[in-house]
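K.L.:
pasting the structure only:
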């Protein structure tokens with residue numbers, strides 16, 4: 001990291017090094033957040049045309065905020081990232097589906113279970129079509145949907161039966 005410190009702000013290698021440092025500090029989120037925010041600011045300032053890398057930097061900031069327990073702030077960023085992925089790549093793109101999966105986790109963490117279930121129900125058919133029914137990401141979405149059905153504090157018996165059916169299907173594959 002230190003070897004890139006003397007480079008100008010506009011040097012992409014310096015920006016990448018800042019991002020790597022921020023991610024490496026991930027287990028120390030308090031130290032990681034300002035570094036990840038600096039990386040995001042640099043990308044926005046000097047590489048505003050590279051929206052994919054800006055979205056990656058934003059997702060890293062959201063993840064860090066979540067680890068710090070700042071889940072409401074993280075959710076705002078996750079929503080923005082997902083919306084930009086839809087606008088850039090469309091709803092049926094693997095990156096958009098993965099971004100939606102991260103958003104669904106954030107929704108569940110703040111207790112927005114109905115919205116979490118709704119999003120997972122929209123993502124699942126796209127994942128099956130795009131990735132295939134046996135792809136690990138598709139199976140993960142199915143497991144997340146089953147968990148969302150079970151974890152909702154006002155789940156109905158039908159929700160539990162649906163969750164059981166989903167999990168049995170996942171285990172059989």
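P.N.:
Everything's here; your move. This is a predicted model, so every value here is computed, not measured. Numbering: from 1, shown residues only.

K.L.:
Pull out the buried positions in the helix or strand containing residue 44.
P.N.:
Assigned by DSSP states H and E, residue 44 belongs to helix 29-46. The neighbour-count check on helix 29-46 (16 or more other Cβ atoms under 10 Å) flags 29, 32-33, 35-40, 42-43 as buried. From N, CA and C alone the C-beta is placed, and that goes for glycine too.

K.L.:
between the residues you listed, which is closest to residue 10?
P.N.:
Distance to residue 10 across the buried residues of helix 29-46 (Cβ to Cβ) is lowest for residue 42, with 8.6 Å.

K.L.:
Setting aside sequence neighbours, what's the nearest residue to the closest one?
P.N.:
Distance criterion Cβ to Cβ, 6 or more residues apart in numbering; nearest residue to residue 42, sequence neighbours excluded, is residue 15 at 4.7 Å.

K.L.:
what comes into contact with the one helix or strand that neighbour maps to?
P.N.:
Secondary structure assignment for residue 15, by DSSP H and E: helix 12-24. Residues outside helix 12-24 that contact it (Cβ atoms under 8 Å, 6 or more residues apart in numbering): 1, 4-5, 7-9, 32-33, 35-36, 38-39, 42-43, 46-47, 57, 60, 64.
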